[in-house]
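*Asks:* Return atomic coordinates for the entry below.
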Amino acid sequence: DIAVSVTGLAGPGGDDKGNPVGLVFVGYADDKRITSRRFVFSGNREEVRNQAVEAALKLILELN
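*Replies:* Numbers count the residues shown, from 1 in each chain. So this is what the prediction gives:
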């Protein structure tokens, strides 16, 4: 079993702390490890979301 989580700012605007649109964190956990990765993607909301999904899937393949 594994767990994957994604959070971040896909846009159209940033947050009140100055974090940029495109800032995304992907978390991964299984019975052996827990890790997270930080990404800064570019593009519009849909493009950022698609890149986040790709990053999450690549992380699963890399660590599994």
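*Asks:* in this protein, which spans are strands?
*Replies:* Taking DSSP state E as the test, the strands found in the chain are 3-8, 23-29, 34-40.
*Asks:* tell me the contacts of R33?
*Replies:* For R33, the contact set (Cβ atoms under 8 Å, 6 or more residues apart in numbering) comprises L63. The way it works is simple: take the backbone N, C-alpha and C, and place the C-beta from them, glycine included.
*Asks:* before we move on, back to that, check the strands of the chain for me and report the most buried one.
*Replies:* strand 23-29 (a mean of 18; mean count of other Cβ atoms under 10 Å).
*Asks:* Which one of the strands of the chain lies nearest to D15?
*Replies:* strand 23-29 (8.7 Å; Cβ to Cβ).
*Asks:* Report the angle between that closest one and strand 34-40.
*Replies:* Relative orientation of strand 23-29 versus strand 34-40 (axes from the mean of the first three to the mean of the last three Cα atoms, to 10 degrees): 160 degrees.
*Asks:* Could you list the paired strands of strand 23-29 along with their orientation?
*Replies:* Strand pairing for strand 23-29, using DSSP bridges, gives strand 3-8 (antiparallel), strand 34-40 (antiparallel).
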